[in-house]
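# can you look at this prediction? I've put the sequence above it.
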Amino acid sequence: MLKKLTLTNVGPASSMDLDFGKRLNLITGDNGLGKSFLLDIAWWSMTRKWPAELNSSLTVGKKVRPHAKKDGEISFCFTAKSKDERYSSNYQRREEAWTGRSGRPANPGLVLYAMSDGSFAVWDPARNYWQTKNNVDIQERRPAFVFSPVDVWDGLEEEGSVLCNGLIQDWATWQKEDGKAFKLLKKVLKALSPNEREAMVPGKLGKLSLDDVRDIPTITMPYKQDVLVLHASSGMKRVMALAYFLVWAWLEHGKAAEHLGEEPTHQVVFLIDEVESHLHPSWQRTIVPALLDVMKQLTKRPDVQLITATHSPLIMASVEPLFDERRDAWFDLDLEKGDVVLRKRPFVRHGDASRWLTSEAFDLGSARSLEAEETLEQAARILSEEVIDAELAKTLDAKLRTLLGDTDPFWIRWRYVGEKQGWLQ
């Protein structure tokens with residue numbers, strides 16, 4: 001598990017310092033302030049490779065470089081099996097590489113990274129290891145498995161070797177065999193579903209066309225039709241891909257651990273950029289609790305750490321019942337006087353999603369439309385005046401009627417003052 005991350009002269013700020021919670025970590029902030037950047041750094045810290053280094057077709061996950069003419073440093077700390085492991089890396093400009101302590105990462109668990117564009121990356125402590133000789137890393141195994149959005153569905157190959165069959169072929173094979181893999185997939189899909197009524201249940205295998213010989217998995221929709229996974233919604237595809245990779249990584253890890261004569265891990269770190277991406281609000285309210293619980297379908301003693309960036313007030317509201325300051329953390333990025341500032345904020349429960357919009361997480365003036373917010377500000381100003389311009393008040397009243405609902409609480413004060421002063425009949 002990732003415990004601490006310290007950055008100097010790297011990214012949008014001159015320094016950043018994150019003390020992660022052992023279970024849930026939320027990162028908020030406006031576009032362009034560094035949320036995805038922090039997830040890339042977290043992945044690199046646990047694997048020592050940037051995603052795009054291992055799959056050149058990716059448009060995200062590129063190597064991070066320090067600020068111009070300044071020395072960059074990335075320091076991080078793991079909670080390993082028996083003790084905390086600390087590392088520090090510096091950027092060598094001529095080599096264009098981050099160097100530091102050599103050796104295999106101490107992180108003992110699986111790491112899954114769901115990137116914002118649909119790419120996925122998987123790191124397995126049993127398969128993606130390496131050795132060190134004379135303080136030099138010897139890459140005897142693949143550093144990680146990195147999938148472009150196309151690779152997720154069609155499989156990953158490199159130099160003639162098949163590294164992964166992909167979701168379509170593996171799902172279809174597992175379903176035909178109806179063994180352990182398919183049973184796990186069904187459990188994980190159910191665990192990640194928003195509710196019983198909308199549970200993701202595999203349907204019968206289907207065909208895409210007469211010219212495509214593949215058996216294509218389907219999902220049985222709430223309206224009782226089987227829909228090819230390739231025709232499912234973007235949100236369902238993302239959740240299905242996450243379920244598939246969790247099962248695929250777990251099964252492959254178990255085989256590798258048995259081959260090595262080791263006990264399989266019970267730990268997993270989820271890195272998820274924009275966890276709410278493509279999800280309906282009903283799914284946004286359940287996805288984070290589901291991700292924290294999903295490992296219970298795979299192992300009897302799960303240990304999960306989730307680090308996710310979000311723009312969703314519903315995501316923030318959804319974690320209110322479970323957020324625990326002792327093992328969870330919320331980090332917020334802000335732009336202040338032209339500088340990016342990262343803060344670990346105390347988690348304050350707001351009760352509903354609209355109040356999160358006006359919180360420090362999103363910094364909006366109100367949860368209304370921008371035009372409604374501006375008109376209400378004008379209306380509030382004239383209500384504070386001793387003598388109100390009747391014509392101006394009538395103009396604002398007509399505009400407010402096009403912007404506010406009939407039950408909006410602002411009407412109570414507005415109508416009281418208007419009727420009292422006579423400009424509202």
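Nice, thanks for sending it over.
# and the helices in the stretch 1-150 of the chain, which stretches?
Counting by DSSP state H, counting those that start in this stretch, the stretch 1-150 of the chain has helices at residues 35-47, 51-54, 149-154.
# pick the most buried one from the ones you listed.
Stretch with highest mean neighbour count among these: helix 35-47 (a mean of 22; mean count of other C-beta atoms under 10 Å). Using the backbone N, CA and C atoms, a C-beta is placed for each residue, glycine as well.
# can you map out the strands along the stretch 151-300 of the chain?
Assigned strands in the stretch 151-300 of the chain, in chain order: 156-158, 161-164, 201-202, 218-220, 226-228, 267-272 (criterion: DSSP state E, counting those that start in this stretch).
# the closest residue to L376 other than its chain neighbours and E377, how far apart?
For L376, ignoring the flanking residues on the chain, the nearest one in space by C-beta to C-beta, 6 or more residues apart in numbering is F410 at 6.4 Å. Noted for F410: a distance of 11 Å to E377, by C-beta to C-beta, to the nearest Å.
# who's more crowded, those two?
Set F410 next to E377 and count neighbours by other C-beta atoms under 10 Å: F410 wins out with 16 against 11.
# might you report the residue contacts of F120?
L112, Y113, A114, V146, F147, V152, A241, L242, F245 (C-beta atoms under 8 Å, 6 or more residues apart in numbering).
# now do P217
Going by C-beta under 8 Å, 6+ apart, P217 touches L167, I168, W171, A172, Q175, P202, G203, L205, G206, L228, V229.
# in CSV, list the residues you listed along with neighbour count.
As requested, these are exported to CSV (neighbours: other C-beta atoms under 10 Å):
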residue, neighbour count
L167, 26
I168, 21
W171, 27
A172, 20
Q175, 20
P202, 20
G203, 17
L205, 16
G206, 17
L228, 16
V229, 23
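# just the closest of those residues to P12, please.
Nearest to P12 out of those is L167 (C-beta to C-beta; 34.4 Å).
# helices of the stretch 301-425 of the chain, start to end?
Using DSSP H, counting those that start in this stretch, the helices of the stretch 301-425 of the chain run over residues 313-318, 353-357, 370-383, 390-403, 410-421.
# for the top helix by length along the chain, packing partners?
Using DSSP state H, we find that the single longest helix of the chain is helix 234-260. If contacts are counted by 3 or more C-beta pairs under 8 Å, 6 or more residues apart in numbering; DSSP states H and E, helix 234-260 sits against strand 110-114, strand 120-123, helix 149-154, helix 167-177, helix 180-192.
# so in that sheet, which strands flank the first one, and in what orientation?
So the one you mean is strand 110-114. strand 120-123 (antiparallel), strand 267-272 (parallel) (DSSP bridges).
# how about those, which one is nearest I216?
strand 120-123 (19.6 Å).
# show me the contacts for Q421.
Applying C-beta under 8 Å, 6+ apart to Q421 gives the contacts I388, A390.
# for the one 4 residues further on, same thing?
The contact partners of Q425, taken as C-beta under 8 Å, 6+ apart, are E419.
# report pLDDT for it.
If you check Q425, the pLDDT there is 70.
# could you report the neighbour count for T402?
Neighbourhood size, T402 [other C-beta under 10 Å]: 9.
# typed the wrong thing, it's A329
For A329, the count of nearby residues is 20 (other C-beta under 10 Å).
# and the spatially closest residue to it that is not a sequence neighbour, how far is that from Y91?
Of all residues not flanking A329 in the chain, G21 sits nearest, at 3.8 Å (C-beta to C-beta, 6+ apart). Note on G21: its distance to Y91, by C-beta to C-beta, is 28 Å.
# buried sites along stretch 283-292?
Across stretch 283-292, burial judged by 16 or more other C-beta atoms under 10 Å covers W283, Q284, R285, T286, I287, V288, A290, L291, L292.
# what residues does that stretch touch?
Looking at what lies outside stretch 283-292 - C-beta under 8 Å, 6+ apart - the contacts are 23-24, 191-195, 235, 239, 270, 272, 275-276, 279, 304, 306, 308, 312, 314-315, 317-319, 322.
# report the buried members of the residues you listed.
Buried members of the contacts of stretch 283-292, counted by 16+ other C-beta under 10 Å: 23-24, 191-194, 235, 239, 270, 272, 275-276, 279, 304, 306, 308, 312, 314-315, 317-319.
# the residue nearest the centre of the chain pairs with what?
Residue closest to the average C-alpha location in the chain (C-alpha atoms, centre = their mean): I272, at 2.4 Å. Note on I272: beta-bridge partners by DSSP bridges are A114, T308.
# could the strands of the stretch 151-300 of the chain go into CSV alongside mean pLDDT and distance to A372?
Below are those laid out as CSV (pLDDT from 0 to 100; distance: least, C-beta to C-beta, whole Å):
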stretch, mean pLDDT, distance to A372
strand 156-158, 91, 49
strand 161-164, 92, 49
strand 201-202, 96, 42
strand 218-220, 97, 39
strand 226-228, 97, 38
strand 267-272, 95, 33
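# most packed of the ones you listed?
Most buried of the strands of the stretch 151-300 of the chain, by mean neighbour count (mean count of other C-beta under 10 Å): strand 267-272, with a mean of 23.
# okay, angle between it and helix 234-260 too, please.
Calculated by axes from the mean of the first three to the mean of the last three C-alpha atoms, to 10 degrees, strand 267-272 forms an angle of 150 degrees with helix 234-260.
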